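Engineer: based on what follows, work out the 3D shape:
(2 chains)
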Amino acid sequence: MDDEFKDFVDGRPAVPPYRPEARAQARERLLREAHRGFRLPRLGWQAVAAFGVTVTLVGGVAVALAGQGGGPEGTSTAGTVNRTAAQYFPELHPKPGQFILIESDTMYGATAGRADGEPTRHLYRTHRKIYQSVDGRAPGLLLIDGLEPKPWPGEELPADARRAEPPFRSWVASCPGRRDDYSYLSALPADPKRMRERFYQDDPGDRNADEMAFDAAGELVRETYLPKAQREAVFEAIKAIPGVEEAQGVQDSAGRSGVALGRPMSGTLHQLIFDPETRTLLGERGTVLDAKAAGAPVGSLVAHTAELSVTVVDKLPELSDVDGDGSCVQEPVPAESTPPPAVTATPQPDDGPVDEPSEARRRVLPDEPVDEPSTAATMTPQPDDGPVDEPSEAHSTQVPAGWPTDSPSG
Amino acid sequence: MVAVHEVSDTDDSTLIGRSLDDPESFAALFDRHADEIHRYAARRLGPETAEDVTGEVFLVAFRRRARYDRTWPDARPWLYGIATKVVAQHRRTERRRNHAMARMAGAERPGSFDERSVERVTAEQLQPRLARALTRLNAAERDLLLLVAWTDLTYEEAAIALGVPVGTVRSRLHRLRVKVRRALGGNHPFAEEPQDG
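Structural biologist: Predicted coordinates for the structure are as follows:
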């Protein structure tokens, strides 16, 4: 070591070992993340991105809607399949402090591992409910129930796919650096050209830029609610991405027909299906175009989803045993860890850091450049003010009428 | 939970590749390197924050695993790179409350408003003169210095971690030596006792 640095080497602070409890907790969190909808489809990473089993928080499952009580707003989700899209998706006027609840059914390809290490595949299905803060200032909630899996086209359902997955309940952190809340989305450009530029803003690296733009568009509309002007801009912007083709009368997994914007990738046609009138995302569909590349017969369905309803609610349901969300770089310290008087964040009220104006949280990007722009790609850009969204009791005060206290299993 | 695989003689790159299809196998990478990353994070941020940061580093790594350059069998430079970014994130958070470190180095306890200052935490664990020297460096220089001094990464690995060419690392280190030499002064290197909390 260079002499100049020797003092720093010699002076390095002695540190205690990683506490086993904390270590186990971190490992568990990692496994949860790995477990949560993160089985990559056979098609690989791009397919996952395209279908939005995203890194961040999306997921989504839907519910057995029948018999489900109405939300606090009285927007019943039970109903017949004869409703029009406008009835499924009325124009909403969410207010700060409220939450948007989106329910969906999903089916994506999954690869699991047999004990002998050989991968097996099947189509895993879930019903998701995701509550997201309208203004991005409170944590949301994600509830996933597993539905009966289906065999991969042309194959038997592997035994390990049959095991029932426990219901998944997690807070959804509102990360200031990665916003997808209504307040933020409703401020997006309503001009298709500018919306389209947004889809291309990330460095594609070694990926095809158009493919990545299509993914970015999917990310934007999946499990989110946008005002009509933005929805229309998104639709036109996607249409303008090279390689995207429009198709009429494409059905989502709930049997509703819409206009699809699709792009082939890895031997599969990935379609985003929109309601022709309201431009609301109805669902997604993945259809095999190339048997060899996709590993399934041509024409078979390897992904199919439906966003069943979008409603506005005032409060999150009160649930116990909700997992934390480590999506943001700075997560609140779990209550059971050693109280760090001076160093780490103590639980904060959910309405923002006490020592700074709340508008600071509205910044999307850091107000100063990252030190090494060339390495920025290794991490999601984060704002310089950390989230302090602590899922607190305040968020879980009331159970909406009819909310099932026990999630139906399997 | 984790699929049973023989991982002991598998290199990191193979493990990461496997985790694309079998996400839970990524836990093996955690088992392998968590202690080391934690040690580095603890030196930079203090033991409590380090626990959170270590968890974050592996979550970020997990989400980024598809982009891992698998020509590198050893994932540690990549993990250190992510750790440096996560640390930097904490630092940016606190930057508006700057000067904390300098005040720390001046042996003045900082006020409670900046008690979360990462710079201060790093400084607090060091001898004051080292802490003071660090204040003369910018963030990128500090990252490089501490990566080289506090881990066993080679210059080439540090370059990977920081995402810059190794030539850049070498030239930065050259400038850094000059700065550090000047900052440390060399007059009475052992005049001050290590400050301990």
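Engineer: where in chain B is the helix or strand with the lowest mean pLDDT?
Structural biologist: helix B:100-105 (a mean of 28; mean pLDDT, DSSP states H and E).
Engineer: host element of the residue lying closest to B:Arg70 once chain neighbours are set aside?
Structural biologist: Nearest residue to B:Arg70, sequence neighbours excluded (C-beta to C-beta, 6 or more residues apart in numbering or on different chains): B:Ser13, at 4.5 Å. To be clear about C-beta, it is placed using only N, CA and C from the backbone, and glycine gets the same treatment. Assigned by DSSP states H and E, B:Ser13 falls within helix B:12-21.
Engineer: hey, C-alpha coordinates of that helix in CSV?
Structural biologist: Output of helix B:12-21 as CSV, limited to C-alpha atoms (Å, rounded to 0.1, in the frame of the first residue of the first chain):
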residue,chain,number,x,y,z
ASP,B,12,-19.9,-15.9,-8.5
SER,B,13,-20.5,-15.4,-12.2
THR,B,14,-22.0,-18.9,-12.6
LEU,B,15,-24.1,-18.4,-9.5
ILE,B,16,-25.5,-15.1,-10.8
GLY,B,17,-26.3,-16.7,-14.1
ARG,B,18,-28.1,-19.5,-12.4
SER,B,19,-30.1,-17.0,-10.4
LEU,B,20,-31.7,-15.6,-13.5
ASP,B,21,-33.7,-18.8,-13.7
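Engineer: how about it: buried residues?
Structural biologist: B:Asp12, B:Ser13, B:Leu15, B:Ile16, B:Gly17, B:Arg18, B:Ser19, B:Leu20, B:Asp21 (16 or more other C-beta atoms under 10 Å in any protein chain shown).
Engineer: got TSV for those residues, with pLDDT too?
Structural biologist: As requested, the buried residues of helix B:12-21 are exported to TSV (pLDDT from 0 to 100):
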residue	pLDDT
B:Asp12	94
B:Ser13	93
B:Leu15	92
B:Ile16	93
B:Gly17	91
B:Arg18	90
B:Ser19	90
B:Leu20	88
B:Asp21	84
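Engineer: which of those sits closest to A:Ala138?
Structural biologist: B:Ser19 (32.5 Å; C-beta to C-beta).
Engineer: which residues does the residue nearest to the closest one when sequence neighbours are not counted contact?
Structural biologist: Of all residues not flanking B:Ser19 in the chain, B:Phe26 sits nearest, at 4.0 Å (C-beta to C-beta, 6+ apart). Counting by C-beta atoms under 8 Å, 6 or more residues apart in numbering or on different chains, B:Phe26 touches A:Leu30, A:Ala34, B:Leu15, B:Ile16, B:Ser19, B:Phe58, B:Ala61, B:Phe62, B:Arg65.
Engineer: helix or strand, whichever it is, which one in chain A has the lowest mean pLDDT?
Structural biologist: Ranking chain A's helices and strands by mean pLDDT, DSSP H and E puts helix A:45-51 last, a mean of 34.
Engineer: ok, now which ones touch the residue nearest to B:Asp74 when sequence neighbours are not counted?
Structural biologist: Spatial nearest neighbour of B:Asp74, excluding adjacent residues (C-beta to C-beta, 6+ apart): B:Asp12 at 5.7 Å. Neighbour list for B:Asp12: B:Leu29, B:Arg32, B:Trp72, B:Pro73, B:Asp74, B:Ala75, B:Arg76 [criterion: C-beta under 8 Å, 6+ apart].
Engineer: where does the prediction get shaky in chain B?
Structural biologist: B:1-8, B:89-128, B:185-197 (pLDDT under 70).
Engineer: quick one: the helices in it?
Structural biologist: B:12-21, B:27-45, B:47-63, B:76-94, B:100-105, B:118-124, B:128-135, B:139-150, B:155-162, B:166-184 (DSSP state H).
Engineer: coming back round to it: out of the contacts of B:Asp12, give me the one that has the most neighbours.
Structural biologist: Among those, the one with the most neighbours (other C-beta atoms under 10 Å in any protein chain shown) is B:Leu29, at 24 neighbours.
Engineer: pretty sure it contacts B:Ile16?
Structural biologist: Yes: taking contacts as C-beta atoms under 8 Å, B:Leu29 lies within contact range of B:Ile16: 6.8 Å.
Engineer: if I look at those two, which residues touch both of them?
Structural biologist: B:Ala75.
Engineer: so for stretch A:307-315, what gets flagged as buried?
Structural biologist: Buried residues in stretch A:307-315 (16+ other C-beta under 10 Å): A:Glu307, A:Leu308, A:Ser309, A:Val310, A:Thr311, A:Val312, A:Val313, A:Lys315.
Engineer: which one of those residues sits closest to B:Val169?
Structural biologist: Among the buried residues of stretch A:307-315, and counting by C-beta to C-beta, the member closest to B:Val169 is A:Glu307, at 48.2 Å.
Engineer: quick one: secondary structure of that closest one?
Structural biologist: Under DSSP: H, G, I helix; E, B strand; the rest coil, A:Glu307 falls in the strand class.
Engineer: I'd like the distance between the closest residue to A:Val259 other than its chain neighbours and A:Arg231.
Structural biologist: Distance criterion C-beta to C-beta, 6+ apart; nearest residue to A:Val259, sequence neighbours excluded, is A:Pro276 at 5.0 Å. Note on A:Pro276: its distance to A:Arg231, by C-beta to C-beta, to the nearest Å, is 12 Å.
Engineer: and for A:Pro192?
Structural biologist: For A:Pro192, the distance to A:Arg231 - C-beta to C-beta - is 11 Å.
Engineer: what do you get for B:Tyr155?
Structural biologist: The value you get for B:Tyr155 to A:Arg231, if C-beta to C-beta is used, is 51 Å.
Engineer: neighbour count winner among those two?
Structural biologist: Between B:Tyr155 and A:Arg231, counted using other C-beta under 10 Å, A:Arg231 has the larger neighbour count: 22 against 14.
Engineer: hmm, A:Leu282 is touching A:Arg256, no?
Structural biologist: Yes: at 5.3 Å, A:Leu282 counts as touching A:Arg256 under the criterion of C-beta under 8 Å.
Engineer: more neighbours, these two?
Structural biologist: The residue with more neighbours, out of A:Leu282 and A:Arg256, is A:Leu282; 29 against 20, by other C-beta under 10 Å.
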